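Colleague: I would like to see how this sequence folds:
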Amino acid sequence: MTRWIFGLVLALAINLGSAQHAGADLIESQQIQVIDGDTIKVDGMTVHLVGFVAPDTRDALCDTERNLGVKATGRVRELIVTGRLDYSPVICSCPATTLGKWFCNFGRTCGTLKTNDRDIGDILVEEGLAVAYSCSKTGCPKTPNPWCKSSR
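Modeller: Now for the predicted structure:
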């Protein structure tokens, strides 16, 4: 419950400021643990990175997805070690009553991460290790999975 409140307070503080990442904080690579291509832990708090979706590694639907997911995860690890990092918490795209709960991003908070002033998601998309993915304020469309076209 405390983590949820902390995440909500951070997200609200960001939302009340400028829309241009007023809450971006310079952080050190050792503050980040990479879970997969679009999920990290920042100071122990699990964060879903927004604006893109990377292939899954744990729940992959095919070998192609799993292999690309491993590459995306590795690439995020490389990027956080080699760059100046800016982290910004953002409000997750869920109805307000579900923020911080399991059915809103599996209880994760949301954020963006930049390295050397470039969004990590943009880099992964450019390199073919993720696809762009946008949500509305209160929900997201079906998650794309171009990696397993024959599996769906």
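Colleague: any idea of the pLDDT on the spatially most central residue of the chain?
Modeller: In the chain, the C-alpha nearest the mean C-alpha coordinate belongs to residue 49, at 1.1 Å (C-alpha atoms, centre = their mean). Listed pLDDT for residue 49 reads 94.
Colleague: Setting the sequence-adjacent residues aside, check what's closest to it.
Modeller: Sequence neighbours aside, residue 38 is the residue nearest to residue 49 in space, at 4.8 Å (criterion: C-beta to C-beta, 6 or more residues apart in numbering). Placement of C-beta: from N, CA and C, glycine included.
Colleague: ok, back up a step: who touches the residue nearest to the centre of the chain in this structure?
Modeller: Residues near residue 49 by C-beta atoms under 8 Å, 6 or more residues apart in numbering: 38, 39, 40, 110, 111, 112, 113, 120, 121.
Colleague: same deal with residue 57?
Modeller: Residues in contact with residue 57 (C-beta under 8 Å, 6+ apart) are 36, 66, 69, 70, 73.
Colleague: Show me which of those are buried.
Modeller: 36, 66, 69, 73 (16 or more other C-beta atoms under 10 Å).
Colleague: wait, which of these is closest to residue 137?
Modeller: residue 36 (24.8 Å; C-beta to C-beta).
Colleague: Inside strands: which ones of the contacts of residue 49?
Modeller: Secondary structure from DSSP state E places 39, 40, 110, 111, 112, 113 of the contacts of residue 49 in strands.
Colleague: Lowest-confidence entry in those residues?
Modeller: Lowest pLDDT among the ones in strands among the contacts of residue 49: residue 110, 87.
Colleague: I'd assumed residue 47 was in contact with it.
Modeller: Yes - under the criterion of C-beta atoms under 8 Å, residue 110 makes contact with residue 47 at 6.6 Å.
Colleague: Quickly list what's touching both of the two.
Modeller: Residues touching both residue 110 and residue 47 (C-beta under 8 Å, 6+ apart) are residue 89.
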